[in-house]
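> sequence and computational prediction follow.
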Amino acid sequence: GNSVTQMEGPVTLSEEAFLTINCTYTATGYPSLFWYVQYPGEGLQLLLKATKADDKGSNKGFEATYRKETTSFHLEKGSVQVSDSAVYFCALSVGTGGFKTIFGAGTRLFVKA
Amino acid sequence: GAVVSQHPSWVICKSGTSVKIECRSLDFQATTMFWYRQFPKQSLMLMATSNEGSKATYEQGVEKDKFLINHASLTLSTLTVTSAHPEDSSFYICSGAGSLDGEQFFGPGTRLTVL
């Protein structure tokens, strides 16, 4: 079946630290991969995506590379800010007729000033 | 990205009443809409998938007679929580998909509190 596993949080970092949130997946077929971010009290926003192997998604200083050989899509940012504090969800979508999305459990990030 | 709105953003109701939540895609046609439920500090749980003009497909364990979903147009889907009880209190999020790569556009969510 299809599933997403991401590292448990919370992750606490100081401002300007390097961030990595690990995400691995299992999927039948060829999934698209996504990172969504949820700020407190809000819905989810797409952060970045990659639709095929070796694609790199990037946005707002965050990036993730679709690694088919390791079935991974780790999220990285070189220098986090307090405003990056949020919950990050790794997700995959595969198939036609609706593209059901499977979400990871989410990783809460706290960035301290 | 595309915009999805939800209304209301929060609602408080008495036990036994029904509550309707609207989800609208404002600048794209959402051929498929999804309804999720999110408990505090947890991930999203998919409740159902609806295609415009068709009956919704519910996930295992979700009562279709309790959570009525209507997707009457390409820009509007509604979720009605019938005879709500305190255990139905949650954050309900909808999303719309109109592209071919599976990207979903999420509404801001509706917080339902049943007293």
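Thanks, I have it.
> how about the secondary structure of the nearest residue to A:D84 once chain neighbours are set aside?
The spatial neighbour of A:D84 that comes closest, neighbours along the chain excluded (CB to CB, 6 or more residues apart in numbering or on different chains), is A:V111 at 5.4 Å. Bear in mind the C-beta positions are built from the backbone N, C-alpha and C, glycine included. Secondary structure of A:V111, reduced to three states by DSSP: H, G, I helix; E, B strand; the rest coil: strand.
> tell me how many other residues crowd A:V111.
The burial metric for A:V111, expressed as a neighbour count using other CB atoms under 10 Å in any protein chain shown, is 19.
> isn't it right up against A:V80?
Yes - counting by CB atoms under 8 Å, a contact exists between A:V111 and A:V80, whose distance comes to 4.9 Å.
> overlap in contacts, those two.
Common contacts of A:V111 and A:V80, defined by CB atoms under 8 Å, 6 or more residues apart in numbering or on different chains, comprise A:13, A:15, A:17.
> now the last one. Nearest residue, chain neighbours left out?
The shortest distance from A:A17 to any residue that is not its chain neighbour, by CB to CB, 6+ apart, is 5.8 Å, and that residue is A:V80.
> and that neighbour, what does it touch?
Counting by CB under 8 Å, 6+ apart, A:V80 makes contact with A:13, A:15-19, A:109, A:111.
> and those, which are buried?
By neighbour count, with 16 or more other CB atoms under 10 Å in any protein chain shown, those hold A:13, A:19, A:109, A:111 as buried.
> for the residues you listed, which one is nearest A:R67?
Sorting the buried ones among the contacts of A:V80 by how near they are to A:R67, with CB to CB, puts A:L19 at the top with 17.7 Å.
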